[in-house]
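# pasting the sequence and the predicted model now:
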Amino acid sequence: MTRRFDVVDAPPASLDDKPRDECGVVAISGIEKAAELAFLGLYALQHRGQEAAGMVAVDGDGNARVHKGLGLVADVFDADTIRKLRGDAALGHVRYSTAGGGGARNAQPIVVRYSEGDLAVAHNGNLTNAHDLRQWLVREGAIFQGTNDSEVVVHLVARSRHESIDLQIDDALTHLEGAFSMVLSVGQTLYAVRDRRGFRPLVLGRKEGGIVVASETCALDILGAEYIRDIEPGEVLKIEGSKMTRLRPLPPAPQPSPCIFELVYFARPDSRLWGVSVDRARRAFGRRLALEHPVPADCVIAVPDSANSAALGYAEAGEIPYELGLLRNHYVGRTFLKPSQADRDFGARMKYNPVREVLDGKRVVVVDDSLVRGTTSRSLVKFMKEAGAAEVHLRIASPPVKSPCFYGIDMPSREELIGSSLSVPEIADQLGVDSLGYLSLEGMEAAVAEAGPFCNACFSGEYPAPLIDVEKGFAPGNVGAPC
Ligand code: AMP
């Protein structure tokens, strides 16, 4: 159903919900039927979020219409809903699946009417002081619909005492800490913002005299838009039709900290992030991995699809034939963080199947992009051995994940991260592999040195932006999550 500044009906918010924070955003300005383009952009960004999708379009009178719901982009929107989203400006959002919290009330964009018109926000990233800000706003009388940190932003803009909208937005942004690549609209004027450390990507493109902003360049490609540049860390860009103005930037950080895990796993390999091709970065990781952890083997296979590029790199540098030894069912959603962890093999079996003819009697190097809980790998090793593999050598194209991400990658708690408490030989033993090798942090960063320095907190435990909510003792299940 398409409604004006609709906030999806939902039960009252609870701070115990744990909405996830991996997302993709798109914004279109100065192009007729902007919603059609935003839809396509979201379609290309589907990998960044499969739980919910939403879009707001703004017509020439400044009226915002919003449609959002649970599910994939193609399920949430149809021709009719998109036709009703009239106007030359649009914002869109996809949200990652949750383990149990969030739901429809956290679908974005958030749209409200305030003194200056219809205000919409779509946000990728995770504020590290959202809980703190929210408590303060609630004490001031603010009423929240969901458990989503973008709502905090909306309230901060609406409550600002500054006279101009630009200054209200500037005022709101100065309160935010943590990760935010964000697009906002007030009437038909759009704003694109990246936090001062630039944790999450946000790129700028041009099409038919209009402007496109998106989380990844693959969204520009589907629209036939030309890539102009990345929105810079701390940049606040105002977009009116096809006119762009840089507003006062956010105070600079000592150094930018783009998320290296975007290159490892999250972004699409056909995107370019921070000046490097994701595919090339992953191949470089794979090549380094082969040099750091060589092993005699008959074939190299990938855990598809996120490790395909890294496995190709390993095969090339290790001079071992690349084979397609595991098939992935593309019609199953990601199985990471299923509500029930009881039948772990079943989850992996739903998604992957070994190719016996490739594996039987072979010494196999299997490359994965990352090990999080280790549950997928444990099942896959078992499947490969059942399919006849003589040896299984697991190679991980990133270092051990030891610390949770508070900046917008969905990770389990520290206790659940297999790399946080076990040594490499212990992990190898648990997974039942013949050998295990992780890419070193130095090797990984050196492979993409031109795009760094990075945030590598999930590997190093060094958090570049203050974890205000964590430090104030909000419950671990909820920390880092938009509250
Ligand atoms: P696990 O079984 O928990 O070790 O999951 C590892 C697999 O999950 C790897 O193959 C990754 O491709 C994938 N993965 C890594 N990080 C994430 C994430 N944040 N969300 C979903 N999947 C992930």
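Here it is on my side, so go on. Numbering: from 1, shown residues only.
# pLDDT weak spots in this protein?
Within the chain, the stretches with pLDDT under 70 are 1-21, 97-103, 333-342, 344, 475-483.
# elements contacting the longest helix along it?
Criterion DSSP state H: the longest helix present in the chain is helix 278-292. Where contact means 3 or more Cβ pairs under 8 Å, 6 or more residues apart in numbering; DSSP states H and E, helix 278-292 is packed against helix 308-318, strand 391-396, helix 441-447. C-beta: built from backbone N, CA, C; applies to glycine.
# ok, the spatially most distant residue from the centre of the chain to residue 319 distance?
Here the centre of the chain is the reference, and by Cα atoms, centre = their mean the most remote residue is residue 361, at 38.8 Å. Applying Cβ to Cβ, to the nearest Å, the value for residue 361 to residue 319 is 20 Å.
# residue 109 now?
Distance of residue 109 to residue 319, computed by Cβ to Cβ: 50 Å.
# those two: which is more packed in?
Remark: of residue 109 and residue 319, residue 109 carries more neighbours, 27 against 9, as counted by other Cβ atoms under 10 Å.
# got the contact list for that one?
54, 55, 56, 66, 68, 91, 92, 93, 120, 121, 122, 150 (Cβ atoms under 8 Å, 6 or more residues apart in numbering).
# and the residue of the stretch 101-250 of the chain nearest the ligand?
residue 126 (12.3 Å; Cβ to the nearest ligand atom).
# domains for the chain, by residue range?
15-257, 277-450 (automatic domain parsing).
# out of these, which is the most enclosed?
domain 15-257 (a mean of 22; mean count of other Cβ atoms under 10 Å).
# so how far is that one from its chain's centroid?
Centroid separation between domain 15-257 and its chain, computed with Cα atoms, centre = their mean, to the nearest Å, is 14 Å.
# quick check: closest non-adjacent residue to the residue of the stretch 151-300 of the chain found nearest the ligand.
Proximity of the stretch 151-300 of the chain to the ligand (Cβ to the nearest ligand atom) peaks at residue 265, 4.7 Å away. Take residue 265 and drop its neighbours on the chain: the residue closest to it by Cβ to Cβ, 6 or more residues apart in numbering is residue 369, 4.9 Å away.
# got a list of what the one you found touches?
Residue 369 neighbours (Cβ under 8 Å, 6+ apart): 264, 265, 282, 303, 306, 307, 310, 396, 397, 398.
# isn't residue 149 right next to residue 130, touching?
Yes - between residue 149 and residue 130 there is a contact at 3.7 Å, judged by Cβ atoms under 8 Å.
# residue nearest the centroid of the protein?
Nearest to the mean C-alpha position of the chain, by Cα atoms, centre = their mean, lies residue 22 at 3.8 Å.
# residue 95 versus that one, what's the distance?
8 Å.
# what touches both of the two?
residue 49.
# what's near enough to touch residue 257?
Neighbours of residue 257 in contact, by Cβ under 8 Å, 6+ apart: 197, 198, 199, 453, 454, 455, 464, 465.
# one more time with 6 Å
With contacts defined as Cβ atoms under 6 Å, 6 or more residues apart in numbering, the neighbours of residue 257 are 197, 455, 464.
# identify the bridge partners of the second one.
Think residue 455. Applying DSSP bridges to residue 455 gives these bridge partners: residue 259.
# so who does it touch?
Neighbour list for residue 455: 199, 257, 259, 464 [criterion: Cβ under 6 Å, 6+ apart].
# for these, which two are the farthest from each other?
Pairwise distances among the contacts of residue 455 were taken by Cβ to Cβ; the largest, 10.2 Å, belongs to 259 and 464.
# looking at these two, which one has more neighbours?
Taking neighbours as other Cβ under 10 Å, residue 259 and residue 464 compare with residue 259 leading, 27 against 18.
# thought that one was touching residue 201?
No - if you go by Cβ atoms under 6 Å, residue 259 and residue 201 don't touch, sitting 8.2 Å apart.
# roughly how far does the residue farthest from the centre of the chain sit from the ligand?
Residue 361 is 25 Å from the ligand, where distance means Cβ to the nearest ligand atom, to the nearest Å.
# wait, a helix at that residue?
No - according to DSSP: H, G, I helix; E, B strand; the rest coil, residue 361 belongs to no helix; its state is coil.
# which element follows the longest helix of the chain toward the C-terminus?
As assigned by DSSP states H and E, the chain's next helix or strand after helix 278-292 is strand 299-302.
# now for that following strand, which elements pack on it?
helix 308-318, strand 363-368 (3 or more Cβ pairs under 6 Å, 6 or more residues apart in numbering; DSSP states H and E).
# the ligand contacts on this structure?
Taking Cβ under 6 Å from any ligand atom as the contact definition, the chain meets the ligand at 265, 303, 306, 334, 336, 368-377, 409-411.
# which of these fall in helices?
Counting by DSSP H, the residues of the chain next to the ligand contribute 375, 376, 377 to helices.
# out of those, who's nearest the ligand?
Taking those together and measuring to the ligand by Cβ to the nearest ligand atom, the closest member is residue 376, at 3.2 Å.
# not counting sequence-adjacent ones, nearest residue to the closest one?
Nearest residue to residue 376 in three dimensions, chain neighbours excluded: residue 348, at 5.4 Å (Cβ to Cβ, 6+ apart).
# over to residue 403?
That would be residue 461: by Cβ to Cβ, 6+ apart, it lies 4.2 Å from residue 403.
# ok, residue 255 next?
Nearest to residue 255 is residue 453, by Cβ to Cβ, 6+ apart, at 5.6 Å.
# and if you look at residue 320?
residue 300 is the one closest to residue 320 (Cβ to Cβ, 6+ apart), at 4.9 Å.
# quick one: the one you found and residue 174, what's the gap?
Residue 300 sits at a distance of 49 Å from residue 174 (criterion: Cβ to Cβ).
# just to revisit the earlier point, closest to residue 471 among the contacts of residue 455?
Scanning the contacts of residue 455 for proximity to residue 471, where the rule is Cβ to Cβ, the winner is residue 464, at 14.6 Å.
# which strand or helix spans the closest one?
Assigned by DSSP H and E, residue 464 falls within no helix or strand.
# for it, give its distance to the ligand.
Taking Cβ to the nearest ligand atom, one finds residue 464 at 19 Å from the ligand.
# and that residue, what does it touch?
Going by Cβ under 6 Å, 6+ apart, residue 464 touches 197, 257, 455.
# what secondary structure does the closest residue to residue 228 other than its chain neighbours sit in?
Once flanking residues are discounted, residue 228 sits nearest to residue 204: 4.6 Å by Cβ to Cβ, 6+ apart. The assignment at residue 204 comes out as strand when based on three-state DSSP.
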